[in-house]
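In: Using only what follows, build the 3D model:
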Amino acid sequence: MDCIFCEIIKGNIPSTKVYEDEFVTAFNDLNPQMPVHVLIVPKKHIASAYDIEESDAELIGRVFLAAKAIAAKLGLENGFRIINNCGEDAGQTVKHLHFHMLAGKTMGEKII
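Out: All right, here's what the predicted structure looks like:
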């Protein structure tokens, strides 16, 4: 499998990790769109939200528990946004399920 996120998780590609546990790795995005832009990635390779199985329910919950821990660690008491791009039309460029945590300035209510 030729997945850049799997290689980052294995430690074969360097990244600036901000969180890691047995289920999730989180690291700073190389092309940040906000002052804080962290990618939260399950260690299990799942191509996209389309590919989540019922057996992955706990893992997806762990992603959001990781988000809570990351927010506390980074002092994001004013809030953050989590985005998942699923499929080509949504802009998914890496075929490994991941969540963008964005924070550090006021975003307003509009998504786009």
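In: and stretch 59-72, which residues are buried?
Out: 59, 62, 63, 66, 67, 70, 71 (16 or more other Cβ atoms under 10 Å). For glycine as for every other residue, the C-beta is placed from the backbone atoms N, C-alpha and C.
In: would you list those in a markdown table and tack on pLDDT and distance to residue 40?
Out: As requested, the buried residues of stretch 59-72 are exported to a markdown table (pLDDT from 0 to 100; distance: Cβ to Cβ, whole Å):
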| residue | pLDDT | distance to residue 40 |
| --- | --- | --- |
| 59 | 98 | 12 |
| 62 | 98 | 10 |
| 63 | 98 | 6 |
| 66 | 98 | 6 |
| 67 | 98 | 6 |
| 70 | 98 | 7 |
| 71 | 98 | 11 |
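In: Which pLDDT does the model give the residue nearest to the spatial centre of the chain?
Out: For the chain, residue 40 is the residue whose C-alpha lies nearest the centre (Cα atoms, centre = their mean; 2.2 Å). We have a pLDDT of 98 for residue 40.
In: Need the three-state assignment for it.
Out: Secondary structure for residue 40, judged by DSSP: H, G, I helix; E, B strand; the rest coil, is strand.
In: Touching, it and residue 69? I think so.
Out: No. Applying Cβ atoms under 8 Å as the test, residue 40 and residue 69 come out as separate, 10.2 Å apart.
In: Now the common contact residues for those two.
Out: residue 19 (Cβ atoms under 8 Å, 6 or more residues apart in numbering).
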